[in-house]
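Trainee: Next comes the sequence, and after it the predicted model I'd like to discuss.
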Amino acid sequence: MIKTLMPVGLAALVVAAAAAAFAKLPPPPPMTDAQKQAAEEKKEKDKAAAEKAKADLAAAEDAAVKNYQGNMKQLGAAAAKSRNAKGK
């Protein structure tokens with residue numbers, strides 16, 4: 001009895017899952033004027049935030065480059081001194 005019910009139950013489960021996967025959702029209701037205005041404000045705010053983040057990233061990259069170049073100058077001077085000391 002269980003051997004025959006198991007495949008039937010499994011088949012029913014597969015059919016139910018397929019029906020749920022292919023079900024169409026109703027379209028969203030049209031946006032009201034207030035919602036459209038809020039969406040525009042959000043878009044402008046997001047654009048401003050993205051520009052600020054881009055500027056912050058550029059400033060951080062510039063600081064990192066200056067730090068790296070300063071470190072390389074210090075190491076270059078120290079390396080030149082150590083090479084001269086070894087060569088003598």
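Mentor: Ah, there it is.
Trainee: For the rest of this, base every contact and every neighbour count on C-alpha atoms.
Mentor: Will do.
Trainee: The residue most central in space within the chain sits in which helix or strand?
Mentor: The central residue of the chain, meaning the one whose C-alpha is nearest the mean C-alpha position (Cα atoms, centre = their mean), is residue 50 at 12.8 Å. Following DSSP states H and E, one finds residue 50 within helix 33-87.
Trainee: any idea how far that helix is from the chain center?
Mentor: 18 Å (Cα atoms, centre = their mean, to the nearest Å).
Trainee: what about that helix, average pLDDT?
Mentor: Along helix 33-87, the predicted confidence averages to a pLDDT of 89.
Trainee: just stretch 11-25 next, same as before
Mentor: Stretch 11-25 shows a mean pLDDT of 84.
Trainee: Tell me the gap between that stretch and the middle of its chain.
Mentor: Per Cα atoms, centre = their mean, the centroid offset for stretch 11-25 relative to its chain is 32 Å.
Trainee: Next: stretch 26-38.
Mentor: A distance of 27 Å separates the centroid of the chain from that of stretch 26-38, by Cα atoms, centre = their mean.
Trainee: Repeat that for stretch 8-18.
Mentor: Taking Cα atoms, centre = their mean, the mean C-alpha location of stretch 8-18 is offset from the chain mean by 37 Å.
Trainee: what's next to it, contact-wise?
Mentor: When contacts are taken as Cα atoms under 8 Å, 6 or more residues apart in numbering, stretch 8-18 has no neighbours outside the stretch itself.
Trainee: Look up phi and psi at residue 24.
Mentor: Geometry field for residue 24 lists phi and psi as phi -90, psi 140, criterion degrees, to the nearest 10.
Trainee: where does it sit relative to residue 65, distance-wise?
Mentor: Counting by Cα to Cα, to the nearest Å, the separation of residue 24 from residue 65 is 53 Å.
Trainee: Then residue 25?
Mentor: When distance is defined by Cα to Cα, residue 25 is 52 Å away from residue 65.
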